[in-house]
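> I need the structure of the sequence given here:
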Amino acid sequence: MRRRHTRQEEDTAIDMTPMLDIVFIMLIFFIVTATFVKESGIDVTRPDAETAVKQSRVGILIAIRNNNEVWINRRQIDLAAVRANVERLHAENPQGGAVIQADKGAQTGTLIEVMDQVRLAGVGSIAIAAEEK
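Below you'll find the predicted structure:
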């Protein structure tokens, strides 16, 4: 009688291996399909626009502060170095465009110079960030 009782306890154990396999596969799936949000690293007060449209493919994010400092990837960049940095980032992601976040107080001349450097770097799609009204 004892043998029967112990054997029955052994047979009722639940095998957890298939469940763990599924959990790991789901984890890998979510990591691969996750989208990562890019941020410029500084706060910019963007101007309002009624025709603002959300961009889907952003590869390069450039910010211009109100004191005309240019920032790319949370680093302050000299205006002369914008083209080289954009060329490097564009080589990493050729399909992505560039978005320039210019502060309301930034000079228009700085914005135009940054746009020229981005175009000279070979980026065809350039957008200027604005707040939706």
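> Any stretches of this protein with poor pLDDT?
Scanning the chain for pLDDT under 70 picks out the ranges 1-11, 35-58, 132-133.
> What ranges does it have for its strands?
48-49, 58-64, 70-72, 75-77, 97-102, 126-128, 131-132 (DSSP state E).
> Turn those strands into CSV, including mean neighbour count.
For glycine as for every other residue, the C-beta is placed from the backbone atoms N, C-alpha and C. Compiled in CSV, these are given as follows (neighbours: other Cβ atoms under 10 Å):
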stretch, mean neighbour count
strand 48-49, 12
strand 58-64, 23
strand 70-72, 21
strand 75-77, 14
strand 97-102, 22
strand 126-128, 16
strand 131-132, 11
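> Turn those into JSON lines, including distance to L120.
Putting the strands of the chain into JSON lines (distance: least, Cβ to Cβ, whole Å) gives the following:
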{"stretch": "strand 48-49", "distance to L120": "26"}
{"stretch": "strand 58-64", "distance to L120": "14"}
{"stretch": "strand 70-72", "distance to L120": "15"}
{"stretch": "strand 75-77", "distance to L120": "15"}
{"stretch": "strand 97-102", "distance to L120": "12"}
{"stretch": "strand 126-128", "distance to L120": "11"}
{"stretch": "strand 131-132", "distance to L120": "28"}
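> Nearest to I25, out of those strands?
For I25, the closest of the strands of the chain is strand 58-64, at 29.9 Å, according to Cβ to Cβ.
> Show me what that closest one is packed up against.
Under the contact criterion of 3 or more Cβ pairs under 8 Å, 6 or more residues apart in numbering; DSSP states H and E, strand 58-64 touches strand 70-72, helix 82-92, strand 97-102, helix 108-120.
> what's the longest one in contact with?
For helix 108-120, the external contacting residues (Cβ atoms under 8 Å, 6 or more residues apart in numbering) are 60, 62, 64, 68, 70, 79, 82-83, 86, 98, 100, 102, 126, 128.
> make it 7 Å
For helix 108-120, contacts defined as Cβ atoms under 7 Å, 6 or more residues apart in numbering pick out 62, 64, 68, 70, 79, 82-83, 86, 98, 100, 102, 126.
> No further queries at this time; thank you.
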